[in-house]
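Student: any chance you can model this:
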Amino acid sequence: MTRSYLAVPAHRARLVQNAAASAADAVFMDLEDAVPVAEKAAALEAAADALTTLDWGRKTVSVRLNAIDSPSIQHEIERLGDIERLDSFIVPKAETVGDIAAIGQWITAAAGTRHAPAEMELLIETARGLVNVETLAAAGGLVSALHLGVGDFAASIGARSAEIGASPPGYRHVAGAAENYQEVPLDLFAYPMMRILVAARAFGLRAIDGPCGAFRDAKATAAAAKKAAAMGFDGKQVIHPSQIEITRDAFIPSDAEIAYAHRAIAALEEAERNGQGAVTVDGKMIDYANIRMIHRLLSFGKAE
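Tutor: Residues are numbered from 1 along each chain as shown. Model (predicted):
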């Protein structure tokens, strides 16, 4: 379960240690955007050291590689790919199946025969990546998840937004006449989120939403996480420990939702015994499609 996916710069040892001890379901150590060029080599060695020395508990532990066209990406995979505690590599700006296939070969070779190779989680963060997302999701092999890279995606399409994960202030629908105009804010990320979610579901992958950049704003953090959870995402990236609990809780069903789910399941089971395939619960019709949705909800469980 990767409901909260904490990003941390690999070269910041104290932050990495805190991430390992945090309540996040998953952590990715970043070698890319969060690391200055002068610190890239040190970040790689720091990631290797953290993977082999820190107690990560039951977390999913990943490393975000540098760009696909970076001269260091193959070396990064060779350096880290045989460390068993590494669960996956996050591939930034994934755009073509050919690139993903090549990276998959490098990861498999780096793992050798001692253990299974690390998985690949693809960051969809460019216009071209989104256009090709279904093909990328269908690539198979080591690919296990799709992430939305909200900041780079907004830049890729030229959106006038300076805040990561937030829609531009001017992106609004204006309707009305004379003095009766009404403005409705629109969601820049609704379309890429749905494309990525559908592609992930079609090919059995996890779907992870990008972060809310306003990490000091608990309300904005909660709202963004609740949106992703309501859509059906498996989790969401966070960029600060203060967002972990808020984000995790958005994906966990409430006591009321769990109670209703159990009532609905019990009612349909009783209906089945009476030769019926649908039943009314709390004034709503329940059939097998509802039960499938309910089981999905219950799969997120309660916080440990």
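Student: CA only for contacts and neighbour counts going forward, please
Tutor: Fine.
Student: give me the distance from the worst-scoring helix or strand of the chain on mean pLDDT to the chain's centre.
Tutor: Among the helices and strands of the chain, helix 288-298 carries the lowest confidence by mean pLDDT, DSSP states H and E, at a mean of 78. The chain centroid and the centroid of helix 288-298 are separated by 22 Å, computed with Cα atoms, centre = their mean, to the nearest Å.
Student: how about stretch 134-142?
Tutor: Averaging C-alpha coordinates over stretch 134-142 and over its chain gives two centres that are 16 Å apart (Cα atoms, centre = their mean).
Student: what's the answer for stretch 164-171, then?
Tutor: Taking the mean C-alpha point of stretch 164-171 and that of its whole chain, the gap between them comes to 20 Å (Cα atoms, centre = their mean).
Student: let's number from 582 now, not from 1
Tutor: Got it, the first residue is 582 from now on, which makes the last one we talked about stretch 745-752.
Student: ok so, going back, which other helices and strands contact the least confident helix or strand of the chain?
Tutor: Contacting helix 869-879 under the criterion 3 or more Cα pairs under 8 Å, 6 or more residues apart in numbering; DSSP states H and E are the following elements: helix 836-854.
Student: what lies in contact with the helix it packs on?
Tutor: 858-860, 862, 867-868, 872, 875, 879 (Cα atoms under 8 Å, 6 or more residues apart in numbering).
Student: nearest to residue 824 among those residues?
Tutor: residue 879 (22.7 Å; Cα to Cα).
Student: how far away is residue 752 from residue 741?
Tutor: 9 Å (Cα to Cα, to the nearest Å).
Student: correction: residue 585
Tutor: Using Cα to Cα, one obtains 27 Å as the distance from residue 585 to residue 741.
Student: pull out the buried members of the contacts of helix 836-854.
Tutor: Burial of these was assessed by neighbour count (16 or more other Cα atoms under 10 Å); the buried members are 859-860, 867-868, 872, 875, 879.
Student: in CSV: those residues, plus distance to residue 596.
Tutor: Listed next are the buried ones among the contacts of helix 836-854 as CSV, based on distance: Cα to Cα, whole Å:
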residue, distance to residue 596
859, 52
860, 52
867, 47
868, 48
872, 42
875, 38
879, 33
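Student: nearest to residue 788 among those?
Tutor: Of all the buried ones among the contacts of helix 836-854, the one sitting nearest residue 788 is residue 879; the distance, using Cα to Cα, is 17.4 Å.
Student: distance of that closest one relative to residue 833?
Tutor: Per Cα to Cα, residue 879 is found 8 Å from residue 833.
Student: now do the strands in the stretch 682-831 of the chain.
Tutor: Assigned by DSSP state E, counting those that start in this stretch, the stretch 682-831 of the chain shows strands spanning 700-705, 724-729, 753-756, 763-766, 787-790, 816-819.
Student: between those strands, which gets nearest to residue 600?
Tutor: Closest approach to residue 600 among those is made by strand 816-819 (11.2 Å; Cα to Cα).
Student: show me what the closest one is in contact with.
Tutor: Outside strand 816-819, the residues within contact range by Cα under 8 Å, 6+ apart are 583-588, 788-793, 806, 809-810, 825, 828-829, 832.
Student: ditto for stretch 696-703
Tutor: Applying Cα under 8 Å, 6+ apart, the external contacts of stretch 696-703 come out as 662-663, 665, 667-675, 685, 688-689, 691-692, 723-728.
Student: which of the residues you listed are buried?
Tutor: With neighbours counted by 16+ other Cα under 10 Å, the contacts of stretch 696-703 contain buried members at 662-663, 667-675, 685, 688-689, 691-692, 723-728.
Student: in helices, which of the residues you listed fall?
Tutor: Secondary structure of these is defined by DSSP state H; positions in helices are 685, 688-689, 691-692.
Student: dump these into TSV; add distance to residue 768 and pLDDT as well.
Tutor: As requested, these are exported to TSV (distance: Cα to Cα, whole Å; pLDDT from 0 to 100):
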residue	distance to residue 768	pLDDT
685	34	97
688	37	97
689	39	97
691	41	96
692	41	94
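Student: residue 664: neighbouring residues, count only.
Tutor: Neighbouring residues of residue 664 were enumerated by other Cα atoms under 10 Å; the total is 19.
Student: need the phi and psi values for it.
Tutor: For residue 664, the backbone dihedrals are phi -90, psi 120 (criterion: degrees, to the nearest 10).
Student: how about residue 829, what does it touch?
Tutor: With contacts defined as Cα under 8 Å, 6+ apart, residue 829 is in contact with 584-585, 605, 816, 884.
Student: and it, what's its pLDDT?
Tutor: In the prediction, the pLDDT value recorded for residue 829 is 94.
Student: now do it against residue 789, distance only.
Tutor: For residue 829, the distance to residue 789 equals 13 Å [Cα to Cα].
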